[in-house]
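Asker: Quick one: sequence and predicted model below, then my questions.
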Amino acid sequence: MAEIFTPFLTAFILAYALRPLCLWLERRQIPRPLAAALSMVVGLSLIFGIFGLLIGLLKFEIPLIKAQLPEWIASTQSWLGPKLVQMHIDIDWGAFKSNVTAKITEHISDNADTLIGSTIDTVLVSGSSVLSGFVNGVLIIFVMFYLLIDWEHFFGLIKKLVPPRAQETVHHLAMHTDGLLSQYLRGMLIVISIMAVFYSIGLTVIGIKGAVALGVFTAIMIVIPYIGITLGLSLAVLSALLQFGMSTQLVGVLALFGLGQFLEGFFLTPRLVGERIGLHPVAVVFALLLFGKIFGFFGVLLALPISAVSLVLVQYLWSVYAQSSWYQK
């Protein structure tokens, strides 16, 4: 069922996120079909731009890993060798160096282009995977386009399915959910913009190559709680180690990300996003694992928005239950 619902859920979420842009274009006297198409171009360009940033980082860091590997082994030998001798442990560092280098060279290509090419070749081995991915991509674009065009008509049909006696309640819940998600998305966009500038400038001052790409990528990954900042920090630390080794630049990277987390966690997110979702940290981790298991990586991105919608329904059901005569008695 996850394979069936994932493309439709993806299309609905993208259409919901792009609807404000589509409405803005319509108010500029642009026909609705053209406004929907332009909105989709903008949204898909942003998605491919994010993947392009990640590919750019890999393209720069993969050759550095291979180049710096002998120096890392030599540093490890000079630091660890005397301690092993004292423990009467003898290691053939020459053989170790050659074996590790051979293994790394075997699994890591010379650059990201070759790595991505080999990955595509591996995927192409399975024709069903390629066909399924192509069909899902076309289906997402098709559904997203018609949702943007017929948004009011689509929800008008859904409204007709709701009994008249429940329409007021359903409308209230829908408006509450829409307001919650709208505020969350607007707040997150502002937070991402500010943190992208912060990390890009900070990494540039430290001297990290590819600072802008790494800063923007780290800021975008904020949408994934805990996992996103860990990924960004890991890439930044790896870049610092590859370029400068154990130096003051590494300390600068750690201090920058510590300050960034403090700024984002205690000032920007509470003020711009606020406690609108209201999920406990344990519930956040559970949502990430649950939706990631069901919908894959895209489910991780949608875990918090979907949890916000679920929280509105849970709160309503609890209020109904708490006011019931059975509970009161």
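Answerer: Structure's in. What do you need? Numbers count the residues shown, from 1 in each chain.
Asker: how much space between the residue nearest the centre of the chain and Thr230?
Answerer: Computing the C-alpha centroid of the chain and ranking residues by Cα atoms, centre = their mean puts Met221 first, at 4.5 Å. Plainly put, Met221 is 9 Å away from Thr230 if you go by Cβ to Cβ, to the nearest Å. Quick note: C-beta positions are derived from backbone N, CA and C, even for glycine.
Asker: Flag the helix or strand of the protein with the lowest per-element mean pLDDT.
Answerer: helix 112-125 (a mean of 53; mean pLDDT, DSSP states H and E).
Asker: where does the stretch 51-200 of the chain have low pLDDT?
Answerer: 54, 56-81, 85, 88, 90-130 (pLDDT under 70).
Asker: now the helices for it?
Answerer: Using DSSP state H, counting those that start in this stretch, the helices found in the stretch 51-200 of the chain span residues 93-107, 112-125, 127-149, 151-161, 164-206.
Asker: helix or strand for Leu288, which one?
Answerer: helix 281-295 (DSSP states H and E).
Asker: model confidence over the helix or strand hosting Thr6, on average?
Answerer: Element membership for Thr6, per DSSP H and E: helix 2-27. For helix 2-27, mean pLDDT is 82.
Asker: tilt between it and helix 151-161?
Answerer: Relative orientation of helix 2-27 versus helix 151-161 (axes from the mean of the first three to the mean of the last three Cα atoms, to 10 degrees): 120 degrees.
Asker: Only the buried residues of helix 2-27, if you could.
Answerer: Neighbour-count burial for helix 2-27 flags 6-7, 9-19, 21-22, 25 (criterion: 16 or more other Cβ atoms under 10 Å).
Asker: roughly how far apart are the closest residue in space to Leu34 that isn't next to it in sequence and Gly49?
Answerer: What sits nearest to Leu34 in space, not counting adjacent residues and going by Cβ to Cβ, 6 or more residues apart in numbering, is Leu25, at 7.8 Å. Leu25 sits 20 Å away from Gly49, going by Cβ to Cβ.
Asker: buried ones in stretch 149-165?
Answerer: For stretch 149-165, by 16+ other Cβ under 10 Å, it's Ile149, Trp151.
Asker: same question but for stretch 235-242, I mixed them up
Answerer: Going by 16+ other Cβ under 10 Å, stretch 235-242 has these buried residues: Leu235, Ala236, Leu238, Ser239, Ala240, Leu241, Leu242.
Asker: what about it, average pLDDT?
Answerer: Stretch 235-242 shows a mean pLDDT of 78.
Asker: centre of the chain versus that stretch, how much separation?
Answerer: Remark: stretch 235-242 is offset 20 Å from the chain centroid, using Cα atoms, centre = their mean, to the nearest Å.
Asker: Please write out the alpha-carbon positions of that stretch in CSV.
Answerer: C-alpha atoms of stretch 235-242 as CSV (Å, rounded to 0.1, in the frame of the first residue of the first chain):
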residue,chain,number,x,y,z
LEU,A,235,30.1,17.0,6.3
ALA,A,236,31.6,20.2,7.7
VAL,A,237,33.9,18.3,10.1
LEU,A,238,34.9,16.0,7.3
SER,A,239,35.7,19.0,5.1
ALA,A,240,37.8,20.6,7.8
LEU,A,241,39.7,17.4,8.5
LEU,A,242,40.4,16.9,4.8
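Asker: Let me see the residues that make contact with stretch 322-329.
Answerer: Tyr321 (Cβ atoms under 8 Å, 6 or more residues apart in numbering).
Asker: pLDDT of that stretch, averaged?
Answerer: Average pLDDT, stretch 322-329: 79.
Asker: Next: stretch 210-228.
Answerer: 77.
Asker: Now for Val170, how many residues are close by?
Answerer: The tally of other residues near Val170 (other Cβ atoms under 10 Å) stands at 14.
Asker: could you measure the residue nearest to it when sequence neighbours are not counted against Phe154, distance?
Answerer: Using Cβ to Cβ, 6+ apart and skipping residues adjacent in sequence, the residue nearest Val170 is Val162, 5.1 Å away. Using Cβ to Cβ, Val162 is found at 14 Å from Phe154.
Asker: And Val251, by the same measure?
Answerer: From Val251 to Phe154 the distance is 54 Å (Cβ to Cβ).
Asker: Where do the helices of the stretch 201-329 of the chain begin and end?
Answerer: Counting by DSSP H, counting those that start in this stretch, the helices of the stretch 201-329 of the chain are 211-220, 227-244, 248-263, 281-295, 297-323, 325-328.
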